[in-house]
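Q: just to be clear, the model below is a prediction. Sequence and coordinates:
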Amino acid sequence: MKLIKGLPAAAGLAIGPVFQIKAQPVRVDESPALDPAGEWGRLLAALEVARMQLGDIAAKVREEVGSNEAGVFEAQSLMLADPDLLASIRERIENQRENAIAALTESAGGYVRALESLGDAYFRERAADVADVVQRVTSILRGERLDPAEGLAAPSIVVGDDLTPSQTVMLDKSLVLALCTARGGMLSHTAILARSLGLPAVVGCGAAILECKPGTKVALDGGTGEVWIDPDAEIVAGLEAKRSLADEKRRIVHSLRHEPSVTRDGKRVEVLANIGNVEDARVAMDAGAEGVGLLRTEFLYLGTERPPAEEDQVAAYRAIIDVFRGLPVVLRTLDIGGDKGLPYLDLGPEANPFLGVRGIRLCLARPDIFRPQLRAALRAAESGNLRIMFPMVATLGEVRTARRVLQQCATELRSEGHRIAADIEVGIMIETPAAAMIADQLAGEVDFFSIGTNDLSQYALAADRTNPATGELASAFQPSVLRLIAHVVVAAHARGKRVAVCGELGGEALAIPILIGLGVDELSMSAPAIPAAKQILRSMDLADMREAAASALEAEGPDDVQALVRQRFPTIV
């Protein structure tokens, strides 16, 4: 027996044989293009087929997993239309007489090498996306079937170097017990998709995992990052018992998912969903969501050549409102910039896009984008309980300007004869330390706060949360981040305003007692996390959570905070 320690990417237990996915290097044919015009036409046809395939994959993933995960494939489709990439390929075909595969591989290879050289985890993931797209197009040009898991016929633990998004979603999930990779981090596509699909996963295991021969028995704990090669009977028995208990607990929690979340001493906590479209809304309602704490509106803007029309936005927002039948739906206005871009928004190059024109800054700079969305939200709100929330706020002036634009849109709509909501709540995201520190002033301008712990953590700690080298430093369990949250709650409550948490921390089991103990009023999370979160709240006393939160603020680091929660609330995990 051999134990390998990797990174715990997706909780869950699995025992089974290894099925190994081999890396598929791009084979380049050096033969020259005898007919450049024909070769260019052949490439364009292959790109169109690839776009159709990616569209089908995105639709499938959106339906089965969610809109965020589908965005990976929508972004890949946009890459195929990149004018600079196409110009480079065409120049190679027409002037250097390279064939389509060689021209594509060389041109895209330059992008991959440039992205990898930046030494940033986010850009490494984008490099992997480019390589994934190149693999797809070259397979089409060769007339080959892209099936990395050919031969997977029995339930297995899928092992690979670092699975691409396409490889992950193309797997037959009924035959996948777990995923295990040699490379990758906790925010890699493999990890994100595994969590969304409910598959246990361990990543970053090193080359040793690739030495396992197909069929080798492996045991895996996605919650601890442990992988046992040829596990002995004692390890297997222990994991089987642990899995049995987890399955029984999951069944009980699922059966109670529509019950309200009220602590044992009577504290009511709203548990809401983070969603991205109407399909997500239906899944969230089935999971027991009590509304939407974060509606990501980017789904309307991605994968298109132009901004969505006002009428299309009204229809989309109303469809989501209808699913929730009077429950609150918090619509976040367009949050583009940083790690998200749109082809029709020429933002220009930014040395550090996470500190550039994004969120509310972009909206205020582009009223042609902002105003139609606000008009659509106001019109849709007339048919339900819709609230508006502005992202990435840093100053008081931004909030006042945004509210002024909203009021102007309301006046316009009334003068045009449109029916709009008489009184719509307006809130902001607290994602910057600046906003957290002036929360007392901001609370006088809005109706509620929602804390985005992902960005708040990385900005507070000056640490990129997508970079494996700094990801742990950017933990929202850092006492410094918890103190910012506590400060925001006190400032908001002094003005009688609600505070929600909609970042990843809101759905973390170990974070729930700390957040509620700090006074957070609402938690918003991905749909799969809702049933367990509600059950955790029902099993606790507010007084105990307050004591734990007070201790967490005095802790020395995130590990101490998590250890504290495990000790005080051993039934959580």
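A: The structure has been received and is ready for your questions.
Q: for the protein, name the helix or strand with the lowest mean pLDDT.
A: Lowest by mean pLDDT, DSSP states H and E among the helices and strands of the chain is helix 67-79, with a mean of 72.
Q: in the following helix or strand past it, what's buried?
A: Using DSSP states H and E, the helix or strand that follows helix 67-79 in sequence is helix 83-95. By neighbour count, with 16 or more other CB atoms under 10 Å as the criterion, the buried positions of helix 83-95 are 85-86, 88-90, 92-93. Just so you know, the C-beta spots here come from the backbone N, C-alpha and C atoms, and that holds for glycine as well.
Q: what mean pLDDT does the lengthiest helix in the chain get?
A: Counting by DSSP state H, the longest helix found in the chain is helix 36-64. Regarding helix 36-64, the rounded mean pLDDT is 84.
Q: quick one: contacts for the closest residue to residue 59 other than its chain neighbours?
A: Ranked by CB to CB, 6 or more residues apart in numbering and with sequence neighbours excluded, the top spatial neighbour of residue 59 is residue 70, at 7.4 Å. Contact analysis of residue 70 by CB atoms under 8 Å, 6 or more residues apart in numbering lists 58-59, 61-62.
Q: looking at those residues, which is nearest residue 389?
A: For residue 389, the closest of the contacts of residue 70 turns out to be residue 62, at 22.9 Å, with distances computed as CB to CB.
Q: grab the nearest non-local neighbour of the closest one.
A: residue 70 is the one closest to residue 62 (CB to CB, 6+ apart), at 3.8 Å.
Q: so which residues of the stretch 251-400 of the chain form helices?
A: 278-287, 310-324, 360-365, 367-381, 396-415 (DSSP state H, counting those that start in this stretch).
Q: I'd like those as TSV, with distance to residue 526 appended.
A: Rendered in TSV, the data for the helices of the stretch 251-400 of the chain read as follows (distance: least, CB to CB, whole Å):
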stretch	distance to residue 526
helix 278-287	9
helix 310-324	16
helix 360-365	24
helix 367-381	23
helix 396-415	27
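Q: mean neighbour count, mean pLDDT and distance to residue 435 added to those helices, as CSV?
A: CSV is the format used below for the helices of the stretch 251-400 of the chain (neighbours: other CB atoms under 10 Å; pLDDT from 0 to 100; distance: least, CB to CB, whole Å):
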stretch, mean neighbour count, mean pLDDT, distance to residue 435
helix 278-287, 20, 92, 27
helix 310-324, 19, 96, 25
helix 360-365, 20, 94, 10
helix 367-381, 21, 96, 19
helix 396-415, 15, 97, 9
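Q: out of those, the one nearest residue 5 is which?
A: Closest to residue 5 of those is helix 278-287 (CB to CB; 32.5 Å).
Q: next, the angle from the closest one to helix 36-64.
A: When axes from the mean of the first three to the mean of the last three CA atoms, to 10 degrees is applied, the directions of helix 278-287 and helix 36-64 differ by 20 degrees.
Q: got the angle for helix 278-287 vs helix 310-324?
A: Computed by the same axes, to 10 degrees, the angle between helix 278-287 and helix 310-324 is 10 degrees.
Q: just the C-alpha atoms of helix 278-287, please, in PDB.
A: Once non-C-alpha atoms are left out, helix 278-287 reads as follows in PDB (Å, rounded to 0.1, in the frame of the first residue of the first chain):
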ATOM      1  CA  VAL A 278     -33.600  30.400 -15.100                       C
ATOM      2  CA  GLU A 279     -32.300  26.800 -15.100                       C
ATOM      3  CA  ASP A 280     -30.200  27.500 -12.000                       C
ATOM      4  CA  ALA A 281     -33.300  29.100 -10.500                       C
ATOM      5  CA  ARG A 282     -35.300  25.900 -10.800                       C
ATOM      6  CA  VAL A 283     -32.500  23.800  -9.400                       C
ATOM      7  CA  ALA A 284     -32.200  26.200  -6.500                       C
ATOM      8  CA  MET A 285     -35.900  26.100  -5.700                       C
ATOM      9  CA  ASP A 286     -35.800  22.300  -5.600                       C
ATOM     10  CA  ALA A 287     -32.800  22.500  -3.200                       C
END
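Q: send me stretch 506-513 as CSV with only the CA atoms.
A: Extracted C-alpha coordinates of stretch 506-513, given in CSV (Å, rounded to 0.1, in the frame of the first residue of the first chain):
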residue,chain,number,x,y,z
GLY,A,506,-21.4,31.6,2.7
GLY,A,507,-21.7,28.0,1.7
GLU,A,508,-18.7,26.7,3.7
ALA,A,509,-19.9,24.4,6.5
LEU,A,510,-17.1,25.5,8.9
ALA,A,511,-17.8,29.2,8.2
ILE,A,512,-21.6,29.1,8.9
PRO,A,513,-21.4,29.3,12.7
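Q: for it, what is the distance to the chain centroid?
A: Its chain's average C-alpha position is 17 Å from that of stretch 506-513, according to CA atoms, centre = their mean, to the nearest Å.
Q: hmm, who's touching it?
A: With CB under 8 Å, 6+ apart as the contact definition, stretch 506-513 has outside contacts at 293, 453, 476-477, 500, 505, 515, 523-526, 529-530, 532-533, 536-537, 540, 544-545, 548-549, 561-562, 565-566, 568-569, 572-573.
Q: how about 7 Å then?
A: Residues from elsewhere that reach stretch 506-513, judged by CB atoms under 7 Å, 6 or more residues apart in numbering: 477, 505, 515, 523-526, 529, 532-533, 536-537, 540, 545, 548, 562, 565, 569, 572-573.
Q: for stretch 255-266, same thing?
A: Outside stretch 255-266, the residues within contact range by CB under 7 Å, 6+ apart are 268-269, 271, 287-288, 530-531, 534-535, 537-538, 540-543.
Q: now the two most distant members of those.
A: The largest separation in the contacts of stretch 255-266, counting by CB to CB, is between 287 and 543 at 28.7 Å.
Q: which other helices and strands contact the helix or strand hosting residue 104?
A: Using DSSP H and E, the secondary-structure element containing residue 104 is helix 100-117. Helix 100-117 sits against helix 36-64, helix 83-95, helix 121-142, with contacts defined as 3 or more CB pairs under 7 Å, 6 or more residues apart in numbering; DSSP states H and E.
Q: output the contacting helices and strands for the top strand by length along the chain.
A: Scanning the chain for the longest strand, with DSSP state E as the assignment, gives strand 13-21. For strand 13-21, the packing partners by 3+ CB pairs under 7 Å, 6+ apart come out as strand 156-160, strand 176-181, strand 217-221, helix 233-255.
Q: now those as CSV including mean neighbour count?
A: Compiled in CSV, those are given as follows (neighbours: other CB atoms under 10 Å):
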stretch, mean neighbour count
strand 156-160, 25
strand 176-181, 27
strand 217-221, 23
helix 233-255, 12
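Q: got the ones you listed as TSV, with distance to residue 11 columns?
A: TSV is the format used below for these (distance: least, CB to CB, whole Å):
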stretch	distance to residue 11
strand 156-160	15
strand 176-181	11
strand 217-221	8
helix 233-255	9
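Q: mind putting these into a markdown table with distance to residue 141 and mean pLDDT?
A: Listed next are those as a markdown table, based on distance: least, CB to CB, whole Å; pLDDT from 0 to 100:
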| stretch | distance to residue 141 | mean pLDDT |
| --- | --- | --- |
| strand 156-160 | 24 | 93 |
| strand 176-181 | 28 | 93 |
| strand 217-221 | 36 | 95 |
| helix 233-255 | 45 | 90 |
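Q: alright, calling it a day.
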